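Student: this one's structure only:
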């Protein structure tokens with residue numbers, strides 16, 4: 001197995017070893033082709049070395065991320081489509097406010113879903129020595145999503161390879177994805193599929209229907225499963241409650 005690296009120098013030499021591992025894990029020809037075509041994602045590495053917004057205080061974080069706007073727009077979205085959110089809550093137990101807050105925080109409600117090639121980004125992070133073990137299952141997941149036709153080698157997402165309306169890491173997308181609109185494929189760039197998949201993720205991670213999700217309440221720790229940063233979790237809980245009014 002070729003070694004991980006801290007720059008792009010060894011990336012192409014590393015790929016065949018990872019391809020063997022991916023094949024063993026069940027990745028088929030389309031996924032392996034996408035791996036072969038993947039390029040070293042310089043912008044992804046730059047972003048990974050510089051994640052400063054999670055070091056802000058809660059009030060600064062909410063200001064920087066536009067919490068008031070997310071809440072105002074989120075209430076309108078809920079009012080426009082109440083049956084959709086009510087159906088998700090009936091099925092998964094997750095209130096509208098939480099899903100809408102995540103959707104607003106992650107992509108401004110689908111306004112910007114990223115401009116980095118998902119496969120290249122996630123494969124680069126697996127090759128990079130800093131957090132190889134964390135990203136490896138997500139790289140395998142991304143390649144399996146290519147096999148399934150959910151994404152292609154050129155699908156764009158965030159700099160860390162997160163994809164779609166709520167920015168799923170590919171391994172989670174593979175595991176928790178739901179075809180909620182019934183068109184025969186799980187499409188994270190379709191709002192219905194993406195929000196149902198997000199609700200499914202939270203439910204599978206231990207969401208208790210009808211219980212609170214503020215700090216100290218049973219469901220707060222489930223928000224931690226979505227994002228490890230404390231300010232992020234606190235912001236989602238506060239915005240969710242304000243959206244649900």
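Tutor: Ah, there it is. No experiment lies behind these values; they were computed from the predicted model shown.
Student: what comes up buried for whichever strand or helix holds residue 222?
Tutor: Applying DSSP states H and E as the criterion places residue 222 in helix 220-226. Neighbour counts using 16 or more other Cβ atoms under 10 Å place 220, 222, 223, 226 of helix 220-226 among the buried residues. Backbone N, C-alpha and C define where each C-beta goes, glycine included.
Student: repeat for stretch 235-245
Tutor: Buried, per 16+ other Cβ under 10 Å, within stretch 235-245: 235, 236, 237, 238, 239, 240, 241, 242, 243, 244.
Student: what does stretch 23-42 give?
Tutor: Residues 27, 30, 31, 32, 34, 35, 38, 40, 41 are the ones in stretch 23-42 that count as buried (16+ other Cβ under 10 Å).
Student: possible to save the residues you listed as CSV with pLDDT and distance to residue 206?
Tutor: Output for these, formatted as CSV (pLDDT from 0 to 100; distance: Cβ to Cβ, whole Å):
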residue, pLDDT, distance to residue 206
27, 98, 29
30, 98, 34
31, 98, 30
32, 98, 35
34, 98, 33
35, 98, 33
38, 98, 34
40, 97, 37
41, 97, 33
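Student: which of those fall within helices?
Tutor: Among these, DSSP state H puts 30, 31, 32, 34, 35 in helices.
Student: pick the one among these closest to residue 154.
Tutor: Nearest to residue 154 among those is residue 34, at 8.9 Å by Cβ to Cβ.
Student: please name the residues that touch the closest one.
Tutor: 119, 142, 143, 146, 152, 153 (Cβ atoms under 8 Å, 6 or more residues apart in numbering).
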